[in-house]
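Trainee: Give me a 3D structure for the following:
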Amino acid sequence: MDSRFRGNDKCMIQIIIGSLLLSITHALIPNHWFPLVAVSRTEKWSRTESLKVTAITGSMHTVSTIIIGIIIGFIGFKLSSTIELITSIIAPLILIVLGLIYFILNFVKPHGHSHEHHNHTGLIKDEKKKSKLAIITALGTLMFFSPCIEIEAYYFTVGKYGWTGILTLSVVYLFITVVELVILVDIGRKSLEKLNTKLHFIGHYERAIMGSVLILLGLFIHFVNL
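Mentor: Numbering: from 1, shown residues only. Model prediction:
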């Protein structure tokens with residue numbers, strides 16, 4: 001009984017570590033938060049207003065990703081109950097292949113986030129005369145309909161643990177992503193140009209960075225038998 005509990009604890013720790021790694025890397029990419037900094041500066045929002053809008057739009061972005069992730073995680077759960085090969089080899093292989101694709105794309109296509117969050121700034125500039133509510137609605141809608149596919153493969157992997165794994169990943173992803181976005185927007189408002197210069201390499205190599213994280217996570221899952 002004790003060994004089973006220790007095994008469950010180990011699995012939960014591994015799930016949390018993977019969730020933290022992907023969530024932190026995902027939110028750190030400038031195209032997630034820099035447009036919000038630019039909009040807040042353009043609209044002359046106060047610090048409180050800027051952080052509230054970031055929390056709202058960031059939550060909408062993560063919620064849409066989680067909805068898709070739950071579906072994928074459930075599929076992973078159903079398959080894992082009948083095909084052990086899915087969870088031991090195919091699931092981590094999906095992460096590795098997806099990571100390789102991201103890594104390669106970073107060098108064969110112009111850098112820029114696949115979600116095209118950079119359009120937010122242009123959109124807001126065209127709607128300067130609209131109300132604050134309209135701006136928030138536009139930002140929130142764009143964020144909601146641009147979920148991150150990087151995290152979805154991991155949902156498939158943790159799906160074999162059922163709702164425990166799926167909900168753990170969802171909670172960690174939601175909390176870390178929103179909190180990190182709020183922090184980055186707050187920092188960005190205080191030092192817009194300086195921060196953008198320092199983190200420019202992240203935006204330039206964002207696909208390579210995310211691809212490397214996915215590859216390492218896939219290898220980790222396979223060799224520790226997550």
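
Trainee: wait, isn't residue 184 in contact with residue 35?
Mentor: No - counting by CB atoms under 8 Å, residue 184 stays clear of residue 35, with 11.6 Å between them. (Each C-beta comes from the backbone N, C-alpha and C, glycine too.)

Trainee: Quick one: mean pLDDT for stretch 157-170?
Mentor: Averaged across stretch 157-170, pLDDT comes to 89.

Trainee: Also stretch 55-72?
Mentor: Here stretch 55-72 scores 92 as its mean pLDDT.

Trainee: CA-only coordinates of that stretch, as CSV, when you get a sec.
Mentor: Written as CSV, here are the backbone C-alpha positions of stretch 55-72 (Å, rounded to 0.1, in the frame of the first residue of the first chain):
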residue,chain,number,x,y,z
ALA,A,55,-5.7,38.5,-16.3
ILE,A,56,-9.0,38.5,-18.3
THR,A,57,-7.5,37.9,-21.7
GLY,A,58,-4.9,35.5,-20.4
SER,A,59,-7.6,33.4,-18.8
MET,A,60,-9.6,33.3,-22.0
HIS,A,61,-6.5,32.1,-23.9
THR,A,62,-5.7,29.4,-21.4
VAL,A,63,-9.3,28.3,-21.0
SER,A,64,-9.7,27.6,-24.8
THR,A,65,-6.4,25.6,-24.6
ILE,A,66,-7.6,23.6,-21.6
ILE,A,67,-11.0,22.8,-23.3
ILE,A,68,-9.2,21.2,-26.2
GLY,A,69,-6.7,19.6,-23.9
ILE,A,70,-9.4,17.9,-21.8
ILE,A,71,-10.8,16.4,-25.0
ILE,A,72,-7.3,15.2,-26.1
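
Trainee: Can you give me the buried ones in it?
Mentor: Applying a neighbour-count criterion of 16 or more other CB atoms under 10 Å, one finds 56-62, 64-66, 69-70, 72 buried in stretch 55-72.

Trainee: Mind pulling the model confidence for residue 101?
Mentor: Looking at residue 101, its pLDDT stands at 80.

Trainee: Please, which helix or strand holds it?
Mentor: Per DSSP states H and E, residue 101 falls inside helix 91-108.

Trainee: By mean pLDDT, which helix or strand of the chain comes out lowest?
Mentor: helix 119-125 (a mean of 50; mean pLDDT, DSSP states H and E).

Trainee: for the following helix or strand past it, packing partners?
Mentor: Where DSSP H and E defines the elements, the next helix or strand beyond helix 119-125 is helix 132-144. Judged by 3 or more CB pairs under 8 Å, 6 or more residues apart in numbering; DSSP states H and E, the packing partners of helix 132-144 are helix 30-42, helix 47-80, helix 119-125.

Trainee: Try it again at 7 Å.
Mentor: Secondary-structure packing of helix 132-144 (3 or more CB pairs under 7 Å, 6 or more residues apart in numbering; DSSP states H and E): helix 47-80, helix 119-125.

Trainee: nearest to residue 135, of these?
Mentor: Nearest to residue 135, of all those, is helix 119-125, at 6.0 Å by CB to CB.
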